[in-house]
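**Student:** A predicted structure for the sequence below; I have some questions about it.
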Amino acid sequence: MGSAYGGEWKPKKPDDERFIGKPGEIKTTKDKNGNLRLTKIGEDGKAVSERHFSDHGYPRHHSIPHDHELVWEHNHFHWGDTKNYWDGNVPEFKQYGGNDMDTIFPACNTLEDDRFESIAEFKDCIGRGDEIEFEWKGVHFGMSGCQPKPEHRIMAYLWNQPDTEQYFDTPDDALEYIVAGDRLRDIITQIDVLSRAF
C-alpha cells in the first residue's frame, strides 16, 4: 500500500486507484458485485471518505448506503468510523473546491490481485478495519474489522445469513475462525477474496 521507506502511497492494485485523485473530486466506481461506491478526495489528493451502496452481506450492521471515513497515518490509511442512515435521511455526498464529479469504472481486481500472499498481509488488512468478502469450498463469507463496539473489533459471518456472526478481539484471534471446516489461518493464502480494499 505504500513505500516501506516513507515515500508517497501508491496504488498496489487496479481498484486502489479510487483512493487518489484531484482535490475535491468524487470518484464513482463499482465493486465486483456491481455495487456503486463514491469516493471523496481531500485537499491533499487522498481519499477522505467513501459511500458504499451495499450492506456487505450483513444488513444489521450496514445501511444502504453507508459512509466510511478514511484516516491516513504514516502514509497508509485505515477505515475510520462508519455512518449508517437507518432512518433513510441520507445527506448529499458533497464535493468541494469546484471540481466536477468524475464517473469512472476502473478495471476490477482479479482474484489474484486480491488474494492474500501471507498471514501478515491479512492481519494488516483486517487490523486497519477493512471489509473482506471471500469464498471457500463454495461457501460465501464476510469479515469486517470496523465494528463500532471496541469490545467486538472484528466480525466474521456467513454472507447474507443473519445471526451467524462471530467476534474476535485481534487479527490473530480472527485467524482461528472456522471456514467451511478449515481454520482460516491454514487457508488464508488459498481463499478466493472477492472484495477488499488493502
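**Tutor:** Received, thanks. Numbers count the residues shown, from 1 in each chain.

**Student:** tell me which helix or strand of the chain sits lowest on mean pLDDT?
**Tutor:** strand 102-103 (a mean of 64; mean pLDDT, DSSP states H and E).

**Student:** what's the first helix or strand after that strand?
**Tutor:** Downstream of strand 102-103, the next assigned helix or strand under DSSP states H and E is helix 111-114.

**Student:** now do that following helix: which elements does it pack against?
**Tutor:** Helices and strands touching helix 111-114, as assessed by 3 or more CB pairs under 8 Å, 6 or more residues apart in numbering; DSSP states H and E, comprise strand 192-195. Where you see a C-beta, it was placed from the backbone N, CA and C, and this is true even at glycine.

**Student:** give the buried residues for the strand it packs on.
**Tutor:** Within strand 192-195, the residues that qualify as buried are 193-195, counting by 16 or more other CB atoms under 10 Å.

**Student:** ok, residues contacting it?
**Tutor:** Outside strand 192-195, the residues that touch it by CB atoms under 8 Å, 6 or more residues apart in numbering are 31-33, 111, 114-116, 131-136.

**Student:** need the helices for the protein, in chain order.
**Tutor:** Assigned helices in the chain, in chain order: 111-114, 119-127, 171-174, 184-187 (criterion: DSSP state H).

**Student:** residue 157: which of those helices is closest?
**Tutor:** helix 171-174 (11.8 Å; CB to CB).

**Student:** may I have the closest one exported as CSV, CA atoms only?
**Tutor:** The C-alpha coordinates for helix 171-174 follow below in CSV (Å, rounded to 0.1, in the frame of the first residue of the first chain):
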residue,chain,number,x,y,z
PRO,A,171,-6.4,-10.3,13.9
ASP,A,172,-4.7,-13.3,15.3
ASP,A,173,-7.9,-14.4,17.0
ALA,A,174,-9.8,-13.9,13.7
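
**Student:** chain center to that helix, what's the gap?
**Tutor:** 17 Å (CA atoms, centre = their mean, to the nearest Å).

**Student:** can you check stretch 40-47 too?
**Tutor:** Mean-position distance between stretch 40-47 and its chain equals 17 Å (CA atoms, centre = their mean).

**Student:** break the chain down into its domains, please.
**Tutor:** Using automatic domain parsing, the domain parsing of the chain gives 14-103, 111-195.

**Student:** worst mean pLDDT among those domains?
**Tutor:** Of all the domains of the chain, domain 14-103 carries the lowest average pLDDT, namely a mean of 87.

**Student:** now do that domain: distance to the chain's middle.
**Tutor:** With CA atoms, centre = their mean, you get 10 Å for domain 14-103.

**Student:** could you do stretch 9-22 as well?
**Tutor:** Relative to where its chain is centred, stretch 9-22 has its mean C-alpha point 13 Å off (CA atoms, centre = their mean).

**Student:** export the domains of the chain as JSON lines, with columns for distance to residue 8.
**Tutor:** As requested, these are exported to JSON lines (distance: least, CB to CB, whole Å):
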{"stretch": "domain 14-103", "distance to residue 8": "7"}
{"stretch": "domain 111-195", "distance to residue 8": "18"}
